[in-house]
Structures are given as C-alpha cells and as structure tokens.
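Asks: this one's sequence-less:
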C-alpha cells in the first residue's frame with residue numbers, strides 16, 4: 001500500500017511540475033489579518049543557473065477591502081554578495097480609477113490576483129543566487145486588504 005501511495009504522490013508531483021516548464025522560482029508570503037505592515041519586508045532568494053533571459057513578476061492577492069485604486073511598492077534586487085543591482089518603485093492599478101471595478105483575476109468572491117511585471121527579458125550577468133526584497137510604499141503604515149505578496153521568476157523560452 002505504501003508503494004502505491006508513493007507512486008501516486010510521484011505522479012502528482014511530476015504532473016504539477018511539468019505543466020509550468022518556464023517557472024524557475026515562485027514563493028508567496030501571506031499576511032496576517034490581511035494587512036501589509038510597513039515593517040514587513042518579504043525577501044525571496046532564488047538561483048539562476050545560466051545567463052539566459054528571465055521575466056520577474058510580483059504576485060499580489062488583495063481583497064475588495066483594499067482602500068486605493070493604485071498600489072505602490074519598491075523592489076530591491078541583490079546578488080549573492082549583497083550588492084544592490086536594481087531598485088525600482090512600481091505602481092499598478094488594482095481597481096479601475098473611474099469605475100472602481102476590481103482588476104486582476106478572481107476565483108473566490110472578492111479576492112483578486114495580480115501578476116505585476118518587474119523585469120522583462122532580464123539577463124543576469126552570471127549564474128548564482130539572487131535576492132529580491134519587497135517594500136510597500138504607500139502613505140499608510142498598515143495597508144488593509146492585502147492578503148499576500150510574492151515573487152515569480154520565469155525563464156524566457158524561445159518560440160520555435
């Protein structure tokens with residue numbers, strides 16, 4: 001029975017990882033009480049195996065309780081020695097500015113998922129470990145309605 005169970009688990013693992021061949025790294029941080037506190041600075045470490053091109057995205061889940069139409073955050077990209085390679089303020093609309101209609105995809109009532117582009121076709125100088133730190137950059141210390149934030153790194157696959 002254990003052998004059969006192991007085979008089923010292996011099959012599920014292979015199926016789930018084979019469906020997304022471009023993904024190199026993905027991890028999300030859930031916020032307690034659906035609030036992103038100004039002192040919460042999620043960091044994500046990932047390994048780049050070669051100098052191919054990569055797309056980096058910020059994953060964001062928010063509820064309709066988010067009080068603004070726009071979302072501002074800063075990201076900091078560091079190499080394995082701690083050198084800051086890039087720092088950028090990012091702005092994204094979570095709700096339509098005129099109608100207030102939520103943007104992003106929704107599979108659960110008033111929860112919305114966004115994938116915000118950080119770097120497109122980015123080429124790292126060398127293989128190695130890298131780290132991105134995210135910082136909310138709003139005018140409030142407690143940002144209501146933010147369920148989670150995260151990072152996704154994808155290898156750009158050339159079309160044939």
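Replies: Looks like it arrived, so ask away. Just so it is clear, the structure is predicted and the values come from calculations on it, not from any experiment. Residues are numbered from 1 along each chain as shown.

Asks: next helix or strand past the strand of greatest length in the chain?
Replies: If you go by DSSP state E, the chain has its longest strand at strand 111-123. Next helix or strand after strand 111-123 toward the C-terminus (DSSP states H and E): strand 128-136.

Asks: Can you show me the strands along the chain?
Replies: Under DSSP E, the chain gives strands at 23-30, 35-37, 43-48, 53-63, 70-79, 84-93, 105-108, 111-123, 128-136, 142-144, 146-155.

Asks: what pLDDT, on average, does the third one get?
Replies: Confidence for strand 43-48, expressed as mean pLDDT, is 98.

Asks: quick check: angle from it to strand 128-136?
Replies: Angle of strand 43-48 versus strand 128-136, following axes from the mean of the first three to the mean of the last three CA atoms, to 10 degrees, is 150 degrees.

Asks: Show residues contacting strand 43-48.
Replies: 24-25, 27, 54, 124, 127-134, 150-151, 153 (CB atoms under 8 Å, 6 or more residues apart in numbering). Where you see a C-beta, it was placed from the backbone N, CA and C, and this is true even at glycine.
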